[in-house]
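In: Just need the structure, nothing else, for what follows:
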Amino acid sequence: MNLFIHTAHASRLEPDLKQCLTAHELEVQIDHEIQSSHYFLMILDVASKLDLLQLRHDYPQALMIFIGNEQAIFNLMPLRPFYYLREKELEADWQRCLETFQNYLDENFRMLDIKAGRSRIRLRIQSIVYIESYRHYLTIHTMVGTYTLRENISQLTEKLKNDGFIRCHKSYLVNKRFIMDRTLEELILQDRSRLPIGRAYQQALAVIDL
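Out: Below you'll find the predicted structure:
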């Protein structure tokens, strides 16, 4: 996971960030100069010479934390800040920011423990694209690979019911965030995969906001 930190307070903030992220078993790479085409989090001094508007354009999905005076926050609202740290209240604001960040990680980086063959594996739930059932086995399709385990799809549906997964067929459970489009009979995923929609699920899927 890539972070871009461009602030005079980097030495104070970085240890806390590393602790939060490693607690979620996330590998951390911190850059102080732009070196990556993707950053998960950016921490920026408002008074720096960086073009903040251009950075938001170049990294639309990044979480951005800004540090500056109290007046500057209103001008930054179009940049969708994740949090704003007042320089005069840095320590207190940073502790509140860390709590908010921790909650964000808890919600978006929950883990699923599975047994695939003889191995125990932990999968980040939001990396799961869809789950396919065949007889007594499930194949979990993730962003980086597939895993097969012996489990009932109804049991896994119950485990993931609060994580944005929906049943589209008796044999398929899909992560809603990866759905690009749908027809009456199919779901079309971002990687162009197509999953069938069972008749029993058509009405329920028709009213779900994708």
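
In: Okay, helices next: where are they in the protein?
Out: If DSSP state H is used as the criterion, the helices of the chain fall at 10-23, 52-58, 73-76, 90-108, 153-159, 199-206.

In: Give me the distance from the second one to the chain's centre.
Out: Here helix 52-58 is found 20 Å from its chain centre; the criterion is C-alpha atoms, centre = their mean, to the nearest Å.

In: List the buried residues in that helix.
Out: By neighbour count, with 16 or more other C-beta atoms under 10 Å as the criterion, the buried positions of helix 52-58 are 52, 55-56. Quick note: C-beta positions are derived from backbone N, CA and C, even for glycine.

In: Could you export these as TSV, including pLDDT?
Out: Shown next, in TSV, are the buried residues of helix 52-58 (pLDDT from 0 to 100):
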residue	pLDDT
L52	95
L55	96
R56	94
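
In: Quick one: closest of the helices of the chain to E185.
Out: Each of these was scored for nearness to E185 using C-beta to C-beta, and the closest is helix 199-206 (8.3 Å).

In: packing partners for the closest one?
Out: Under the contact definition 3 or more C-beta pairs under 8 Å, 6 or more residues apart in numbering; DSSP states H and E, helix 199-206 sits against strand 165-169.

In: pLDDT averaged over the strand it packs on, what's the number?
Out: Mean pLDDT, taken over the full extent of strand 165-169, equals 95.

In: helices or strands next to it in the packing?
Out: For strand 165-169, the elements it packs on are strand 172-175, strand 194-196, helix 199-206, judged by 3+ C-beta pairs under 8 Å, 6+ apart.

In: quick check: angle from it to helix 199-206?
Out: Computed with axes from the mean of the first three to the mean of the last three C-alpha atoms, to 10 degrees, the direction of strand 165-169 lies at 140 degrees from that of helix 199-206.

In: Counting neighbours, what do you get for the nearest residue to L53 once chain neighbours are set aside?
Out: Nearest in space to L53, with sequence neighbours left out and distances taken as C-beta to C-beta, 6 or more residues apart in numbering, is L79 at 6.9 Å. If you count neighbours by other C-beta atoms under 10 Å, L79 ends up with 14.

In: same deal with K176?
Out: The local packing count at K176 equals 14, with neighbours defined by other C-beta under 10 Å.

In: so it makes contact with I166?
Out: Yes - under the criterion of C-beta atoms under 8 Å, K176 is in contact with I166, at a separation of 5.5 Å.

In: Which residue ranges make up each domain of this structure?
Out: 2-108, 112-206 (automatic domain parsing).

In: weakest of the helices and strands packed on strand 165-169 in terms of mean pLDDT?
Out: By mean pLDDT, the lowest-scoring of those turns out to be helix 199-206, with a mean of 89.

In: who's in contact with it?
Out: In this structure, residues lying in contact with helix 199-206 by C-beta atoms under 8 Å, 6 or more residues apart in numbering are 166-170, 182, 184, 187, 197.

In: show me the contacts for I121.
Out: Neighbours of I121 in contact, by C-beta under 8 Å, 6+ apart: 113-115, 147.
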